[in-house]
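Visitor: Based on what follows, work out the 3D shape:
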Amino acid sequence: MDEGFEQTVPDGHALASRVTKPDAFHMTTGAAIPITREAMEDVAAAFPSLDAYLADGTNVRFIETVYRSAVTHGLMDTVVME
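Guide: Now for the predicted structure:
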């Protein structure tokens, strides 16, 4: 667990990331982004049947919508990629 990262996230935020299970453990992959309930409500509105898009996590349109919502809500404004 990245404790420093956990301490920098404001209350009310969550993290959106891809998750994989290469063996007996789960891990995140790719860029993790901050996400809020409001941002995810926008995503849910775009996908009336979320179950179909969450089944295997490979739907590019769903993933793109999550990232776009984070940008639209200004959640990426303070994220620094190094």
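
Visitor: Could I get the full set of helices for the chain?
Guide: 3-8, 37-46, 50-54, 60-72 (DSSP state H).

Visitor: least reliable of those helices going by mean pLDDT?
Guide: Looking at the helices of the chain, the lowest mean pLDDT belongs to helix 50-54 (a mean of 63).

Visitor: Of the helices of the chain, which is nearest Thr78?
Guide: For those, the distance to Thr78 is smallest for helix 3-8, at 9.1 Å, taking Cβ to Cβ. Quick note: C-beta positions are derived from backbone N, CA and C, even for glycine.

Visitor: Convert the C-alpha atoms of stretch 69-82 to CSV, please.
Guide: Extracted C-alpha coordinates of stretch 69-82, given in CSV (Å, rounded to 0.1, in the frame of the first residue of the first chain):
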residue,chain,number,x,y,z
SER,A,69,-15.3,12.6,-16.3
ALA,A,70,-12.3,13.0,-14.0
VAL,A,71,-10.9,15.7,-16.3
THR,A,72,-14.3,17.4,-16.7
HIS,A,73,-14.7,17.6,-12.9
GLY,A,74,-11.2,19.0,-12.5
LEU,A,75,-9.9,16.0,-10.6
MET,A,76,-6.8,15.8,-12.7
ASP,A,77,-5.8,19.4,-12.1
THR,A,78,-3.5,18.6,-9.2
VAL,A,79,-2.2,15.2,-10.4
VAL,A,80,1.5,15.2,-11.4
MET,A,81,2.8,12.3,-13.4
GLU,A,82,6.5,11.6,-13.0
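
Visitor: Which strand runs longest in this structure?
Guide: strand 27-36 (DSSP state E).

Visitor: what's the angle from that one to helix 37-46?
Guide: Put simply, strand 27-36 runs at 100 degrees to helix 37-46, going by axes from the mean of the first three to the mean of the last three Cα atoms, to 10 degrees.
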